[in-house]
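1. 3D model of this:
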Amino acid sequence: MAFLSRLLALEPMLVALRTRLRFLPPTLARLTLGWVFLLSGWGKLHHLDDVIEFFRSIGIPAPQLQAPFASGVEFVCGALLLAGLFSRLASVPLVVVMIVAIATARHEELTSLGDLFGFIEYLYIVLLSYVAIEGPGPLSIDALLGGRRASFSPARRAATVQA
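-> Predicted coordinates for the structure are as follows:
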């Protein structure tokens, strides 16, 4: 019984800690994804001939167009995520790129749901979905711009004028 009461006494401290660290999951997800995709896109853009040949080998149509497009999407959207700018929007094309990667490059390895859960591309889809739904977190350009938009919104201006 004493153990249970001690455990319950920790709850307010854990709730306070959770509140203080709430910024961390979206920030880490966004920074990690941004860095991974920025570097991946950069590498692919600098080795386009290899990427085009790989796309051709797995049967992606028009690889000479698709390879630079997918590489550019990874690079640009990765940079946007890293900066925290248009993060929700930037997540969507990256999800599509990861779905295509699973459907083309990894489809032969996909024999069960457990296989899918083990793919790094699936983890990226989950994290990108999190950023797309929950947003980039308070340590982002999006949050800075969102705060400005909120402070200059017509409803807020009207409330300020009336006060």
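2. can you pull out the helices in this structure?
-> Along the chain, the segments classed as helices by DSSP state H run 2-20, 24-45, 48-57, 63-83, 87-104, 113-118, 120-134, 141-151, 154-162.
3. any chance of those in a markdown table, with mean neighbour count too?
-> Backbone N, C-alpha and C define where each C-beta goes, glycine included. Converted to a markdown table, these look like this (neighbours: other CB atoms under 10 Å):
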| stretch | mean neighbour count |
| --- | --- |
| helix 2-20 | 9 |
| helix 24-45 | 18 |
| helix 48-57 | 15 |
| helix 63-83 | 19 |
| helix 87-104 | 19 |
| helix 113-118 | 11 |
| helix 120-134 | 17 |
| helix 141-151 | 13 |
| helix 154-162 | 9 |
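4. rank the ones you listed by mean pLDDT and give me the bottom one.
-> Here the helices of the chain differ in mean pLDDT, and the lowest is helix 154-162 at a mean of 46.
5. residues touching the residue nearest the centre of the chain, list them.
-> Using CA atoms, centre = their mean, the residue of the chain that lies closest to the mean C-alpha position is Leu128, 3.3 Å off. Going by CB atoms under 8 Å, 6 or more residues apart in numbering, Leu128 touches 33, 91, 94-95, 98.
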